[in-house]
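Colleague: sequence? don't have it. structure:
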C-alpha cells in the first residue's frame, strides 16, 4: 500500500503526458505517450504497478524546487558524505519556444544526477509495469542501457552504468563532487527503435527543456497583481495539463486518487470537461495569453459539435482528442492509494445530462469574441442552437455540476448557466446573425430569473440553495455573483455568501461543496479548494477585500512545497485529497487573485 501523501508528489509535463515524482526521488505515475494512456509507472495506486527510483543509498534529507519559470524539477539530497541534485523533466522538442512549447516532444523522461559536494552513492531502481501493472516486461541489456519489451510499446532506458537486470534493473554508482550521471527513458510505439542517448545529449535535452519553458513564460506571463508568483506558477501548471496537439486541458493527470481516504469517490480525471471552459478561459487570460484560451475554445467547440439540430443532450466531457465514449471500468488488481478502492479508468459522467454546459460554451465564446474574429457559418449555427436549446431545456432536471449519481433534480446552478447562455447570446445576437431570436431568448431569460428568485431562494435557509425547493446549501450558488446574475452586495446575495462562509465551511475555514445531500454515493469528502476560491472571489466582488484576502491565503497555504494543489483538503489534518494536481483548483486560485486585484484597484 502506498502511504506516501499525495502532497509529496511533484509534477513533470511535456504537454502530452505527465509524471508524478515523490520527494524521495521515485517516479510513481507516468502514462506514455499521452495523459490518458495506460500507465507505465503506477505505484501511487499499488506497489505492483511500477516505479523508477533515483536517490542516495543511505540516509538523507531533501529539499526541492522548480527551476525558475519552468516545470523542470530539482531535488537536492543532503547526506553525511555529500550532496547530490537530481533534475527531472519530461523533455520538450529541440529549440522550441512560445506557442510551440513541446509541439515535437520526443516522449523522453530525463533524470540527471549531479554531485555538488563530497561523495554520494546513488540507488537507481527501474521497474516498469505497463498497462497499470498487468505486465512484467522483458528487460534486455544493450550497449548504453536496456530495452523494455512487453505490451503494445517499446521503452529504451539510457544508463551510463552497467545494470543488474532481473524483472527490474538496478545500479548503485558513486558520484564525487563535479560528476554527473544522466538517465533517460524514451517511449516509442511497438516495432520502433529507441535511441540510446549519450551523456552530453541527455544534458543538452535538459538544457533545451529549461530554455523552452523559460521562453514560454517570458512570452506569455505578464500578470502584475498580488500573488504574481503563485498566479504565474499556476499558469505553468495549467499549461502542463494542456494536450499540445489539440489544446484540451485535462482536469488532472491522474485517476482514482480519492476524495476520502479509503472511500469510493475515486474518478478518472484525465479528460476535458465542458463545464471548465469559461473558468479556464478567465484563468488563461490572466496567467497565460489569449492564444492558449483561443486554442482551448476552438477544440472544445469542435469536440462538442456534431448534433446540429440539438436533438440530443450536449455531451459534458470529452477525451483529449475529442473522443466521446469514455466508458468507465474498474481495475480490481490494484488496491488504490491507501486502500481506496475501486481504481477506475474512464468516467461514466460522460453520459450524464448537465444543462450548465450551454452557458459555459456561450460564455466562453463571449469572452473571446474580439479574438476569434468572424465566426464561420457552422460555428454561428452551433452557438445559436445552444441558446435555442437552453431556452427550452432549462425547465428539465439534470445531474448538476457535481455529477451526482442520484436522481436528477432542478439544480440551481444548471438554471443559472442556462440564464448565462441566453444572456450572452442576446449580447452576441448580431454577430451570430440571430437578431430574430432575441424576443424568444429574452423571454426565456426572464422566466429563468423569475424561477430562480422564487424557487431557488429558501427562507428557512436564508440563502439561495442547491436545488429548487431545497434547504441544502451549495457553494455553487456563489457563482450567481461571479457570472453577473445578481450583484454580490445585494441583500440576498450577501446573505448567501455569509451562509456559505459560516455554515458550509470546515474548522479551518475551507469550503465544502455541500453537506447533508443525497448524491447517490457512499462516504464523504473533503473541503473543496475551488469552492473556497469562489468564496474569495465573491467576497471581493462584494467589496470585502480583507475577507477575500484571508480566504485566498488559506487556499495558498494548502499548496505543497512546489506549489501544487489537489482537488480537496481533509478537514482537521489539512492533507490534500483527490486527483493531483487539479486544474480546477489552480484555475480558481488565478481567478480569485484577479478578482481581488480588480476589487482593490476599484477601491483606489
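Modeller: Right, received. Where do you want to start? Values in this document were obtained by computation on a predicted structure and should not be read as measured data. Residues are numbered from 1 along each chain as shown.
Colleague: Correct me if wrong: residue 10 contacts residue 559.
Modeller: No - with contact defined as Cβ atoms under 8 Å, residue 10 does not reach residue 559; the gap is 11.7 Å. No exception for glycine: its C-beta is placed from N, CA and C like everyone else's.
Colleague: Mind checking which of the two has more residues around it?
Modeller: residue 10 (24 against 21; other Cβ atoms under 10 Å).
Colleague: SS state for the closest residue to residue 183 other than its chain neighbours?
Modeller: If the residues on either side of it in the chain are set aside, residue 183 comes closest to residue 111, at 4.6 Å by Cβ to Cβ, 6 or more residues apart in numbering. Classification of residue 111 by DSSP: H, G, I helix; E, B strand; the rest coil places it in strand.
Colleague: Now do the helices in the stretch 101-250 of the chain.
Modeller: 130-133, 199-220, 228-240 (DSSP state H, counting those that start in this stretch).
Colleague: Ok, the stretch 451-600 of the chain next?
Modeller: Going by DSSP H, counting those that start in this stretch, the stretch 451-600 of the chain shows helices at 479-482, 491-503, 529-541, 545-556, 583-603.
Colleague: Let me have those helices in CSV, extended by mean neighbour count and distance to residue 41.
Modeller: Output for these, formatted as CSV (neighbours: other Cβ atoms under 10 Å; distance: least, Cβ to Cβ, whole Å):
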stretch, mean neighbour count, distance to residue 41
helix 479-482, 23, 38
helix 491-503, 18, 40
helix 529-541, 28, 26
helix 545-556, 19, 30
helix 583-603, 23, 22
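Colleague: Make JSON lines from those and add mean pLDDT and distance to residue 447 to it.
Modeller: Shown next, in JSON lines, are these (pLDDT from 0 to 100; distance: least, Cβ to Cβ, whole Å):
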{"stretch": "helix 479-482", "mean pLDDT": "98", "distance to residue 447": "17"}
{"stretch": "helix 491-503", "mean pLDDT": "98", "distance to residue 447": "19"}
{"stretch": "helix 529-541", "mean pLDDT": "98", "distance to residue 447": "25"}
{"stretch": "helix 545-556", "mean pLDDT": "98", "distance to residue 447": "33"}
{"stretch": "helix 583-603", "mean pLDDT": "95", "distance to residue 447": "29"}
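Colleague: of all these, which lies closest to residue 99?
Modeller: Closest to residue 99 of the helices of the stretch 451-600 of the chain is helix 583-603 (Cβ to Cβ; 19.5 Å).
Colleague: so where is the protein shaky, pLDDT-wise?
Modeller: 1-2, 306-311, 371-374 (pLDDT under 70).
Colleague: Count the residues that sit near residue 522.
Modeller: For residue 522, using other Cβ under 10 Å, the count is 9.
Colleague: Also the one 5 residues further on?
Modeller: Counted with other Cβ under 10 Å, the neighbours of residue 527 add up to 25.
Colleague: Contacts only, for it.
Modeller: 505-506, 508, 510-512, 568-569, 571 (Cβ atoms under 8 Å, 6 or more residues apart in numbering).
Colleague: same check, this time on residue 229
Modeller: Residue 229 neighbours (Cβ under 8 Å, 6+ apart): none.
Colleague: Return the distance of it relative to residue 395.
Modeller: 46 Å (Cβ to Cβ, to the nearest Å).
Colleague: tell me the strands in the stretch 1-150 of the chain, going along the chain?
Modeller: Along the stretch 1-150 of the chain, the stretches classed as strands by DSSP state E, counting those that start in this stretch are 9-13, 18-22, 26-31, 39-41, 51-56, 61-66, 73-78, 82-90, 108-127, 138-142, 145-150.
Colleague: for the stretch 201-350 of the chain, that is, sorry about that
Modeller: Using DSSP E, counting those that start in this stretch, strands in the stretch 201-350 of the chain cover 272-273, 317-318, 329-330, 344-345.
Colleague: What strands flank the third one, and is each parallel or antiparallel?
Modeller: Within its sheet, and counting by DSSP bridges, strand 329-330 is paired with strand 344-345 (antiparallel).
Colleague: Check the first one too.
Modeller: Listed by DSSP bridges, the sheet partners of strand 272-273 and their directions read strand 317-318 (antiparallel).
Colleague: and the partner strand, how far from the chain's centre?
Modeller: 14 Å (Cα atoms, centre = their mean, to the nearest Å).
Colleague: Show me what it is in contact with.
Modeller: Residues contacting strand 317-318 (Cβ under 8 Å, 6+ apart): 248, 271-274, 300, 303-304, 324, 326, 347, 349-350.
Colleague: Let's see that with 6 Å instead.
Modeller: The contact list for strand 317-318, computed with Cβ atoms under 6 Å, 6 or more residues apart in numbering, reads 271-273, 303, 350.
Colleague: What of stretch 244-259?
Modeller: Under Cβ under 6 Å, 6+ apart, the answer for stretch 244-259 is 6, 15-16, 18, 35, 102-103, 241-242, 265-266, 268-270, 272-273, 280, 295-296, 299, 320-321, 336-337, 340, 343-345, 525, 568, 577-580, 582-583.
Colleague: again with stretch 501-517
Modeller: By Cβ under 6 Å, 6+ apart, stretch 501-517 touches 402, 466, 472-475, 527-528, 531-532, 535, 554, 569, 571.
Colleague: quick check, nearest of those residues to residue 545?
Modeller: residue 535 (13.2 Å).
Colleague: out of the strands of the stretch 1-150 of the chain, nearest to residue 491?
Modeller: strand 9-13 (43.3 Å).
Colleague: Skipping adjacent residues, who's closest to residue 305 in space?
Modeller: Nearest to residue 305 is residue 382, by Cβ to Cβ, 6+ apart, at 5.3 Å.
Colleague: let me fix that: residue 324
Modeller: residue 315 (5.8 Å).
Colleague: what about that neighbour, distance to residue 114?
Modeller: Distance, residue 315 to residue 114, using Cβ to Cβ: 48 Å.
Colleague: And for residue 43, the neighbour number?
Modeller: 25.
Colleague: change the start of the numbering to 11 and stick with it
Modeller: All set: I'll call the first residue 11, so the last point we hit is now residue 53.
Colleague: can you tell me how far it sits from residue 16?
Modeller: 13 Å.
Colleague: Pull up the overlap in contacts between those two.
Modeller: Common neighbours of residue 53 and residue 16 (Cβ under 6 Å, 6+ apart) do not exist.
Colleague: mind pulling up the phi and psi values for the residue found closest to residue 503 once you drop the neighbours it is linked to in the chain?
Modeller: Of all residues not flanking residue 503 in the chain, residue 496 sits nearest, at 4.9 Å (Cβ to Cβ, 6+ apart). Per-residue torsions, residue 496: phi -150, psi 140 (degrees, to the nearest 10).
Colleague: quick one: residue 496 and residue 505 touch, right?
Modeller: No - using Cβ atoms under 6 Å as the test, residue 496 is too far from residue 505 to be in contact (11.2 Å).
Colleague: who touches residue 141 in this structure?
Modeller: 48, 161.
Colleague: could you check the distance from it over to residue 134?
Modeller: Taking Cβ to Cβ, one finds residue 141 at 24 Å from residue 134.
Colleague: circling back to that earlier point, most tightly surrounded among the strands of the stretch 11-160 of the chain?
Modeller: Comparing these by mean neighbour count (mean count of other Cβ atoms under 10 Å), strand 49-51 comes out on top with a mean of 28.
Colleague: List the contacts of that strand.
Modeller: Taking Cβ under 6 Å, 6+ apart as the rule, strand 49-51 contacts 37, 40-42, 60-62, 138, 140, 142.
Colleague: Residue 605 contacts residue 550, doesn't it?
Modeller: Yes - Residue 605 lies in contact with residue 550 (Cβ under 6 Å); the separation is 4.2 Å.
Colleague: All the helices of the stretch 261-410 of the chain, in order from the start?
Modeller: So, for the stretch 261-410 of the chain - with DSSP H, counting those that start in this stretch - the helices run 287-297, 300-314, 367-378, 387-403.
Colleague: now those helices in a markdown table, with distance to residue 210?
Modeller: Shown next, in a markdown table, are these (distance: least, Cβ to Cβ, whole Å):
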| stretch | distance to residue 210 |
| --- | --- |
| helix 287-297 | 35 |
| helix 300-314 | 33 |
| helix 367-378 | 44 |
| helix 387-403 | 49 |
